[in-house]
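Participant: Whatever this is, show me its structure:
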Amino acid sequence: MSSPIASVRLSVLDRSRIREGHDGPSALRGTVRLAQEVEAFGYHRFWVSEHHGVPGVAGSAPTVLAAAVAAATSTIRVGTGGVMLPNHQPLVVAEQFGVLESLYPGRVDMGLGRSVGFTDGVRRALGRDRKDADGFAEQLDELLGYFDGSGGRPSDGSGTGGQRPGPQVHARPAEGLRVPPYVLATGEGASIAARAGLPLVIGDMRHRERMLSAVDLYRSGFRPSRWAQQPYVIVSGTVVVARTEQEARRLLGPEAWSAAYSRTHGSFPPLAAPERIESMTMTARERSHYEAGLEGHIAGTGAQVADALSAVIRDSAADEVLVTTSTYDREALLDSFRRLARVAGLSSPARA
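Facilitator: Next up, the predicted model:
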């Protein structure tokens, strides 16, 4: 009987993390290079993310970065994980993905999230506030209407699905193109994905019961649509494979420290080298958050990761795993993706 890992697709989401001693442009170029490498390892898709005003993240314009990734690759699917729809006008999002699909036909994914800016300052700069996330379902309907020609009349902003009077708006060149949409969500967002008949991406592998509850909610409420005839679940999280369990845990340190610093100082910093983190004198609160940030991920040797990831796939009946790993050492990160590809039995790396 084949391993559960061999029965699902493996994909990558890269957030263009900035490393200490390096700048944003080098992080973006690193994202493009990583896409080229994981394409050679046999991964199914490569997604980029949207963050605004975050010192440790360079990925602020996902459709622009996705275009660069698509131009530098040839077979791997390319998309966003995701475009935060409440930050944008659906018409503009449709136009951007229409351009991407026109340039790279059959390779573009449209991952969509419902978050707004992380801080009050960022939300003001975007002209948004927290309540804008409440209109995600209506924004999603409007966006999809630009592609299938059934809608495209902007919402009146009431959150009730009302329509402004006047002629229908057409998104060029999106109308008539098929760009697969995915909803990045938990809780209510999973219900929205189910009602819309769209694939679900759920990034909650560290909190297994909560993840499984959202997946069950999604599957039970799923309504077939022109986009998907049956539920499709992508589970997402950090997966690290190294020569030893200790090495794998060490690779988790930079991301865990950034998260701990964010929780205690209110700013998400660039990734620090493991040796610098190990020499730090942390406060008790910082240490508590840091230690918590090391737990719950799938990390270890190839055999350990195979067992742990197989359990997640069995429990969730996931169709795909989206790996979101970040660490300071780019070569170690690449080696982790290479080892994971071997564990999963992906096509032999062309440049391994």
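
Participant: contacts, neighbours, all on C-alpha from now
Facilitator: OK.

Participant: State which helix of this structure is the longest.
Facilitator: Secondary structure of the chain read by DSSP state H shows that its longest helix is helix 245-265.

Participant: So what touches that helix?
Facilitator: Under the criterion Cα atoms under 8 Å, 6 or more residues apart in numbering, residues 240-242, 267-274, 277, 285-287, 289-294, 299-301, 326-329, 332 lie in contact with helix 245-265.

Participant: What's the PyMOL line that selects buried ones from these?
Facilitator: If you want just the buried ones from these in PyMOL, going by 16 or more other Cα atoms under 10 Å, the selection is:
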select buried, resi 240+241+242+267+268+269+270+271+272+273+274+286+287+289+290+293+294+299+300+301+326+327+328+329+332
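
Participant: Quick one: distance of the helix or strand just after the longest helix of the chain to the chain centre.
Facilitator: Using DSSP states H and E, the next helix or strand after helix 245-265 towards the C-terminus is helix 274-278. If you compare the mean C-alpha spot of helix 274-278 with that of the full chain, they lie 27 Å apart, counting by Cα atoms, centre = their mean, to the nearest Å.

Participant: in a strand, that's where Ala306 is, yeah?
Facilitator: No - Ala306: not assigned to a strand; according to DSSP: H, G, I helix; E, B strand; the rest coil it is helix.

Participant: Could you check how far it is from Tyr182?
Facilitator: In this structure, Ala306 and Tyr182 are separated by 26 Å, where distance is defined by Cα to Cα, to the nearest Å.

Participant: just Gly253 next, same as before
Facilitator: From Gly253 to Tyr182 the distance is 30 Å (Cα to Cα).

Participant: got it, and Glu20?
Facilitator: According to Cα to Cα, Glu20 and Tyr182 sit 33 Å apart.

Participant: same question, Gly79
Facilitator: With distances taken as Cα to Cα, Gly79 is found 10 Å from Tyr182.

Participant: what do you get for Arg276?
Facilitator: Using Cα to Cα, we find Arg276 at a distance of 38 Å from Tyr182.

Participant: next one: Ala318
Facilitator: Distance from Ala318 to Tyr182, by Cα to Cα: 14 Å.

Participant: Likewise for Val92?
Facilitator: Using Cα to Cα, one gets 17 Å for the distance from Val92 to Tyr182.

Participant: These two: which has the busier surroundings?
Facilitator: Between Val92 and Tyr182, counted using other Cα atoms under 10 Å, the more crowded position is Tyr182 (25 against 13).

Participant: Can you tell me the SS state at that one?
Facilitator: Following three-state DSSP, the label given to Tyr182 is strand.

Participant: can you check Ile234 too?
Facilitator: Of the three states, Ile234 takes strand according to three-state DSSP.

Participant: ok, it - how many residues close by?
Facilitator: Count around Ile234 with other Cα under 10 Å applied: 25.

Participant: quick one: contacts for it?
Facilitator: With contacts defined as Cα under 8 Å, 6+ apart, Ile234 is in contact with 199-202, 318-322.

Participant: and if you look at Val312?
Facilitator: Met205.

Participant: same thing but at 6 Å, please
Facilitator: Contacts for Val312 (Cα atoms under 6 Å, 6 or more residues apart in numbering) come out as none.

Participant: That one and Thr301: what is the separation?
Facilitator: When Val312 is compared with Thr301 (using Cα to Cα), they lie 17 Å apart.

Participant: Pro25 too?
Facilitator: To Thr301, Pro25 is 32 Å away according to Cα to Cα.
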